[in-house]
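Chemist: no sequence for this one, just the structure:
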């Protein structure tokens, strides 16, 4: 590729100025800040005007091709689809349509029908005047000219096309709204449009010719076609039959033929005042611009522009070829099975060629300029990004997880079957999808709980908020029961509360500052563990060294009786009722490798501050998901505990927290924990041997003494030195 024909970076290209101005006006009028939908919409109507006047592009490599455009334009409800379409049809191209249908098209038909009559009279040896009357009657019998339509059978499309062929003017413009609801009934029209796209030709069907049903003459010539499919993503991507059918159409040919606008949501500028919005919507400068551009487009419907042939210079032709080569080269980088993306990429140049022709037409230019080429490429590349987003839609199980989480109420399988078209009817398929949804949820901040009432399974979901260590939920007071202040505080500053003089605190917010269960507001991101003797504080710190924590001694702490409190931030903010919170805490007690006070599992439980010893540890946040009641992850944790009944809490902790599960790693880690808590050689040997005997693939006594205990002996000697 020589520098002379190098395509500029796409991000440096500019949109067509008139098209972009109209798109920005539509953004303002609809208060939608996403312009792609409107850019595609404007491009479509530019193409409609050009093709109604039978504009063609004289290419250097494939002859004359018609200007036409297919588009799939998707946006959420409220994005301004209806308002923007009405504005384009009434305030922008309305005058063009009026002049074309009432003046230009009738004149063109009047000029072309005698030509057909003379040819027929010459061929059949009939009277030319009589043949003209029959031709006019035949033309009228095809029905009124439709500037656009929203559906049609293949036979009706061919009849409408036949009328256009008789006039040698006009185009077939298909505009289907709510394509998600109308896709299945539009199969005939879509099939015909796939065939008509390239040059406007379609094969005729063989029908029996009778007196009552005379087969129409197959008039030669091309008829350009335009297509706009509107819709909301939620209706089209239902995870069921409609979505499957749509992607089948994309794979069959819509992907390579269409421009795409796809917005999963739309943004509105909510910071504007009423006066600012009013001024924007009633801007007289905007109205004046629309009037001027409408007058310009009306002039384009003049007879002088019919059958306009757009040429291009050799340089522009070579730039188009270079863009085609770029697209084809980029297409080779897609994986073999990614046929839809590959086909769309390889055919972008052809869509850009046709769009450049539409831009040249509205510019009233006799040729496609280099600027038109770049303007078209700019929109086609943005369309390609939208197409990629369209193909990376959520899988059905992801939609299921999000639906359950957003609903925020108990729902049954019967409800899901009724509400979600993609939810399986059979138990086995349903179980598989639900398990995938639960697994997806664990990785994407969604928790799905199961409960049973009267033998019926209920599901409830929640989107979890990740814990921000700068926003720890606490409330505090100098009184045991009343006067509590709700606060969010940085975790690194919590010692100021725990070491304060005479302060009571709770790890939930409270209504009205009154500490009782009914006043506890669901939502916490700290768990508090009370250790009332039994395990030395140093041992607890060693065992929890992988976790972020704050440990502080309580008032009754002594050198002989270690009494301290452990504060562990959890990775998500949880909203649990009293019963679930109690079960959640008992699940954590069961998980811990040392004994704790298990009578402290109330949401409104208060803790006392104490100006003693405290220490922070920096590590990972405790994963709360394994402890939430009624979840599959908690059930899985319980099954593991049940399978390890022969192990005590510390032994289970070591086994379950060893990375690869190797027995040597398990035993050496256990031995070093015992070493950390000041056990001597004999006690360490005894305990390690006991754990070893509980393993299925235990070491021999010789292996135990020759490996693990040798390492411990060296560590003890080093410590003694």
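Modeler: Noted; the coordinates are in hand. These numbers were taken from a predicted model, which means no experiment stands behind them. Numbering: from 1, shown residues only.

Chemist: for the nearest residue to residue 586 once chain neighbours are set aside, what are its contacts?
Modeler: Taking Cβ to Cβ, 6 or more residues apart in numbering, and ignoring the residues beside it in sequence, residue 586 has residue 601 as its nearest neighbour in space, at 6.0 Å. Every residue, glycine included, has its C-beta placed from N, CA and C. By Cβ atoms under 8 Å, 6 or more residues apart in numbering, the residues touching residue 601 are 581-582, 585-586, 589.

Chemist: now those as JSON lines including neighbour count, secondary structure and pLDDT?
Modeler: Formatted as JSON lines, the contacts of residue 601 follow (neighbours: other Cβ atoms under 10 Å; DSSP: H, G, I helix; E, B strand; the rest coil; pLDDT from 0 to 100):
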{"residue": "581", "neighbour count": "24", "secondary structure": "helix", "pLDDT": "96"}
{"residue": "582", "neighbour count": "15", "secondary structure": "helix", "pLDDT": "96"}
{"residue": "585", "neighbour count": "22", "secondary structure": "helix", "pLDDT": "96"}
{"residue": "586", "neighbour count": "14", "secondary structure": "helix", "pLDDT": "95"}
{"residue": "589", "neighbour count": "16", "secondary structure": "helix", "pLDDT": "94"}
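
Chemist: Which pair of the residues you listed spans the longest distance?
Modeler: 581 and 589 (12.8 Å; Cβ to Cβ).

Chemist: before we move on, the earlier item: so the residue nearest to residue 586: helix, strand or coil?
Modeler: Classification of residue 601 using DSSP: H, G, I helix; E, B strand; the rest coil returns coil.

Chemist: Show me how the protein divides into domains.
Modeler: If you go by automatic domain parsing, the domain ranges for the chain are 3-203+217-391, 396-463, 466-628, 644-721.

Chemist: Turn the contacts of residue 601 into CSV, including distance to residue 18.
Modeler: CSV is the format used below for the contacts of residue 601 (distance: Cβ to Cβ, whole Å):
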residue, distance to residue 18
581, 62
582, 67
585, 66
586, 69
589, 70
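
Chemist: which residue ranges form the helices in the stretch 101-250 of the chain?
Modeler: 105-124, 128-141, 154-167, 179-182, 187-196, 233-236, 241-249 (DSSP state H, counting those that start in this stretch).

Chemist: Compare the mean pLDDT across those and name the weakest.
Modeler: Mean pLDDT values for these show the minimum at helix 233-236, a mean of 84.

Chemist: Identify each buried residue in that helix, please.
Modeler: Across helix 233-236, burial judged by 16 or more other Cβ atoms under 10 Å covers 233, 235-236.

Chemist: report the longest strand in this protein, please.
Modeler: What stands out as the longest strand in the chain, according to DSSP state E, is strand 563-574.

Chemist: Could you list every helix and strand that that one packs against?
Modeler: strand 465-466, strand 524-532, helix 537-543, strand 549-553 (3 or more Cβ pairs under 8 Å, 6 or more residues apart in numbering; DSSP states H and E).

Chemist: Pick the most deeply packed of these.
Modeler: Highest mean neighbour count of the helices and strands packed on strand 563-574: strand 549-553, a mean of 22 (counted as mean count of other Cβ atoms under 10 Å).

Chemist: Run the angle between it and strand 563-574 for me.
Modeler: 150 degrees (axes from the mean of the first three to the mean of the last three Cα atoms, to 10 degrees).

Chemist: For strand 549-553, give the mean pLDDT please.
Modeler: 95.

Chemist: which secondary structure elements does that strand contact?
Modeler: By 3+ Cβ pairs under 8 Å, 6+ apart, strand 549-553 packs against helix 495-498, helix 537-543, strand 563-574, strand 614-617.

Chemist: 6 Å - rerun?
Modeler: Using 3 or more Cβ pairs under 6 Å, 6 or more residues apart in numbering; DSSP states H and E, the elements in contact with strand 549-553 are strand 563-574, strand 614-617.

Chemist: what's the spacing between residue 484 and residue 643?
Modeler: 43 Å (Cβ to Cβ, to the nearest Å).

Chemist: What part of this structure, helix or strand, is modelled with the least confidence?
Modeler: Here the helix or strand of the chain ranked lowest by mean pLDDT, DSSP states H and E is helix 274-281, holding a mean of 65.

Chemist: Moving C-terminal from that helix, which element do we reach first?
Modeler: helix 284-300 (DSSP states H and E).

Chemist: list the helices and strands that next one packs on?
Modeler: Counting by 3+ Cβ pairs under 6 Å, 6+ apart, helix 284-300 packs on helix 94-99.

Chemist: redo that, cut-off 8 Å
Modeler: When contacts are defined as 3+ Cβ pairs under 8 Å, 6+ apart, helix 284-300 packs onto helix 17-30, helix 94-99, helix 348-362.

Chemist: out of the contacts of residue 601, who's nearest residue 142?
Modeler: Using Cβ to Cβ, these come closest to residue 142 at residue 581, 74.4 Å.

Chemist: Tell me how far the closest one lies from residue 711.
Modeler: Counting by Cβ to Cβ, the gap from residue 581 to residue 711 is 43 Å.

Chemist: same check, this time on residue 42
Modeler: Distance of residue 42 to residue 711, given as Cβ to Cβ: 75 Å.

Chemist: For those two, indicate the residue with more neighbours.
Modeler: More crowded of residue 42 and residue 711, by other Cβ atoms under 10 Å: residue 42, with 28 against 13.

Chemist: Just to be sure, the more buried one is in a strand?
Modeler: No: using three-state DSSP, the assignment for residue 42 is helix, not a strand.

Chemist: Include distance to residue 635 when you put the domains of the chain into JSON lines, please.
Modeler: Shown next, in JSON lines, are the domains of the chain (distance: least, Cβ to Cβ, whole Å):
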{"stretch": "domain 3-203+217-391", "distance to residue 635": "27"}
{"stretch": "domain 396-463", "distance to residue 635": "9"}
{"stretch": "domain 466-628", "distance to residue 635": "10"}
{"stretch": "domain 644-721", "distance to residue 635": "15"}
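
Chemist: what's the distance between residue 27 and residue 381?
Modeler: On the measure of Cβ to Cβ, residue 27 and residue 381 end up 20 Å apart.

Chemist: Same drill for these two, tell me which one is more crowded.
Modeler: Set side by side, residue 27 and residue 381 show more neighbours around residue 27, with 19 against 16, by other Cβ under 10 Å.

Chemist: ok, so of the contacts of residue 601, who is nearest residue 312?
Modeler: Nearest to residue 312 among those, counting by Cβ to Cβ, is residue 581 at 72.1 Å.

Chemist: which residue sits closest to the closest one in space, ignoring its chain neighbours?
Modeler: residue 603 (5.0 Å).

Chemist: what about the one you found, neighbour count?
Modeler: For residue 603, the neighbour count with other Cβ under 10 Å is 24.

Chemist: which residues does it contact?
Modeler: 506, 508, 517, 520, 524, 576, 578, 581.

Chemist: The same query, at a cut-off of 7 Å, please.
Modeler: 508, 517, 520, 578, 581 (Cβ atoms under 7 Å, 6 or more residues apart in numbering).
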